[in-house]
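Turn this into a structure:
(one chain, ligands or ions: 2)
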Amino acid sequence: MLVTLEGLDGSGKTTVWERLRTDDALPGDATFTREPTDSWYGEAVQRSIDDDEADSLAELFLYTADHAAHLADTVRPALDDGRLVVSDRYSDSRYAYQGATLAASDHFEDPLDYVREVHAPWTRPPDLTVYLDVDPETAARRSGATNKFETAEYLAEVGENYERLVAADPERFVRVDATAAPDTVYDRVRSAILDRRD
Ligand SMILES: Nc1ncnc2c1ncn2[C@@H]1O[C@H](COP(=O)(O)OP(=O)(O)O)[C@@H](O)[C@H]1O
Ligand SMILES: Cc1cn([C@H]2C[C@H](O)[C@@H](COP(=O)(O)OP(=O)(O)O)O2)c(=O)[nH]c1=O
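Numbers count the residues shown, from 1 in each chain. Ligands and ions are numbered 1, 2, ... in the order given. The predicted model follows:
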């Protein structure tokens, strides 16, 4: 089963993901992974993140290349072995974030839909996506604006894209109020995963 954690920067995904890794209630052979990955594709993504002048379309394809390699090298082999896979960010991040960065482009009527179409023929959709829901102001404050994406204004657009993704696929998403206390958020994410396991 493939579980993904999604949400704005600062929503608490990595905090939850780190705790899940040591939770004995989950299978000992579970694969914990993330996007951007730590492969050379992910390093190329990080260079783009660090470049405030990076071209948004080029950046989309860097993230997407990282996802393709992530599927081939990590996700599909683990799923084929019957393992639980938990990814801190995955394709919904691309739809939500690059759907926002490309909104300024005049190439696309609907950038979010375009990004989804790019992935549709070959990606592997998650079986469960836990959406850590937090307001953009809290997200920006918690994340400390460490990169070009972490402004409340931009994160508000990203949040609207996430809401669109949740509305389009309500069976796949479980929303967790990420403004709650860390232990409360963790317990709710943990329950969502344990309740959904095959
Ligand atoms: N439920 C929470 N309440 C308050 N602060 C939180 C909560 N979850 C995480 N944080 C803090 O917010 C910051 C970002 O958390 P992190 O897990 O890195 O978020 P993300 O991976 O979604 O960007 C960290 O300083 C973390 O300690
Ligand atoms: C996976 C992914 C991340 N991102 C963004 C979200 C983050 O601002 C940035 C790097 O992710 P990361 O460093 O993991 O930040 P965080 O821990 O706050 O999620 O890349 C995209 O824009 N598109 C994507 O497809």
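
Tell me how many other residues surround R164.
When neighbours are counted by other CB atoms under 10 Å, R164 registers 16. Using the backbone N, CA and C atoms, a C-beta is placed for each residue, glycine as well.

My guess is it contacts D110. True?
No. Between R164 and D110 there is no contact under CB atoms under 8 Å: 10.0 Å.

for this protein, what spans make up the strands?
Taking DSSP state E as the criterion, the chain carries its strands at 2-7, 31-34, 85-88, 128-133, 173-177.

Now tabulate those strands in TSV and tack on mean neighbour count and distance to ligand 2.
Formatted as TSV, these follow (neighbours: other CB atoms under 10 Å; distance: least, CB to the nearest ligand atom, whole Å):
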stretch	mean neighbour count	distance to ligand 2
strand 2-7	25	8
strand 31-34	18	6
strand 85-88	23	7
strand 128-133	23	10
strand 173-177	18	16
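
Can I get the ones you listed in a markdown table including mean pLDDT and distance to S56?
Converted to a markdown table, these look like this (pLDDT from 0 to 100; distance: least, CB to CB, whole Å):
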| stretch | mean pLDDT | distance to S56 |
| --- | --- | --- |
| strand 2-7 | 98 | 20 |
| strand 31-34 | 98 | 22 |
| strand 85-88 | 98 | 23 |
| strand 128-133 | 98 | 24 |
| strand 173-177 | 98 | 26 |
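
Using a markdown table, please lay out those together with distance to D50.
Formatted as a markdown table, the strands of the chain follow (distance: least, CB to CB, whole Å):
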| stretch | distance to D50 |
| --- | --- |
| strand 2-7 | 22 |
| strand 31-34 | 18 |
| strand 85-88 | 19 |
| strand 128-133 | 24 |
| strand 173-177 | 30 |
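
quick one: which of those strands is nearest S105?
Checking the strands of the chain against S105 by CB to CB gives strand 2-7 as the closest, at 23.1 Å.

packing partners for that closest one?
Strand 2-7 sits against helix 13-20, strand 85-88, helix 91-93, strand 128-133, helix 182-196, with contacts defined as 3 or more CB pairs under 8 Å, 6 or more residues apart in numbering; DSSP states H and E.

Deepest in the core, which of those is it.
Ranked by average neighbour count under the criterion mean count of other CB atoms under 10 Å, the helices and strands packed on strand 2-7 are headed by helix 91-93 at a mean of 26.

Now do it: which elements does it pack against?
Partner elements for helix 91-93 (3+ CB pairs under 8 Å, 6+ apart): strand 2-7.

For the strand it packs on, which strands pair with it and how are they oriented?
Sheet pairing of strand 2-7 (DSSP bridges) gives strand 85-88 (parallel), strand 128-133 (parallel).

pLDDT score for the residue of the chain most remote from its centre?
Largest separation from the mean C-alpha position in the chain: D106, at 25.5 Å (CA atoms, centre = their mean). Listed pLDDT for D106 reads 91.

How much space separates it from ligand 1?
From D106 across to ligand 1, the span is 31 Å (CB to the nearest ligand atom, to the nearest Å).

and that residue, what are its phi and psi?
D106 adopts backbone torsions of phi -100, psi 10, taken as degrees, to the nearest 10.
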